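Q: here is the input, now give the coordinates:
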Amino acid sequence: MYSKDEIKALLDELNDCVADDLENQSIDFKQWNNKSKNKAFDTLVEMAVCMANGGGGSVVFGVADGVKGRENAIIWSLS
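A: Numbering: from 1, shown residues only. Here you go, the predicted model:
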């Protein structure tokens, strides 16, 4: 499992690459679905099962795949 500092360092790398490039078997980035609580919950459960089946790891929610630039990739929502 990644530490908070390791995740912060990876998020800083989003200035030079997309989240997909930083993913591996032990870390995944997922954009959070604000439109449907059921779909957001389904994604959460799916990622928990995937990480458990893969031997553990970290999932960082709120980061868009395929978007370069930290400010563009990290999706914040107060709703």
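Q: CA only for contacts and neighbour counts going forward, please
A: Will do.
Q: for the protein, what's the longest helix?
A: helix 37-53 (DSSP state H).
Q: listing request: residues of the protein with sub-threshold pLDDT.
A: In the predicted model, the chain carries pLDDT under 70 at residues 76-79.
Q: element containing the residue most central in space within it?
A: Against the mean C-alpha coordinate of the chain, by CA atoms, centre = their mean, the closest residue is residue 29 at 2.0 Å. Element membership of residue 29 [criterion: DSSP states H and E] is strand 27-30.
Q: show residues contacting that strand.
A: Outside strand 27-30, the residues within contact range by CA atoms under 8 Å, 6 or more residues apart in numbering are 1-2, 19-20, 23, 57-65.
Q: equivalent analysis for stretch 18-26, please.
A: Identification of contacts with stretch 18-26 by CA under 8 Å, 6+ apart yields 1, 10, 29, 51, 54, 56-58, 63-69, 73.
Q: CA atoms only: put that stretch into CSV for me.
A: Extracted C-alpha coordinates of stretch 18-26, given in CSV (Å, rounded to 0.1, in the frame of the first residue of the first chain):
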residue,chain,number,x,y,z
VAL,A,18,-1.4,11.2,-17.4
ALA,A,19,-2.6,9.1,-14.5
ASP,A,20,-2.7,6.0,-16.7
ASP,A,21,1.1,6.2,-17.0
LEU,A,22,1.5,6.1,-13.3
GLU,A,23,-0.7,3.1,-12.6
ASN,A,24,0.6,-0.4,-11.9
GLN,A,25,-0.6,-3.5,-10.2
SER,A,26,-0.6,-1.8,-6.8
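Q: sort out which residues of that stretch are buried, please.
A: Across stretch 18-26, burial judged by 16 or more other CA atoms under 10 Å covers 18, 19.
Q: who's the residue nearest to the centre of the chain bridged to?
A: Beta-bridge partners of residue 29, counted by DSSP bridges, are residue 60.
Q: from residue 55, how far off is it?
A: Taking CA to CA, to the nearest Å as the measure, residue 29 falls 17 Å from residue 55.
Q: now residue 13, what's its secondary structure?
A: Put simply, residue 13 is helix when judged by DSSP: H, G, I helix; E, B strand; the rest coil.
Q: okay, now it: neighbour count?
A: When neighbours are counted by other CA atoms under 10 Å, residue 13 registers 17.
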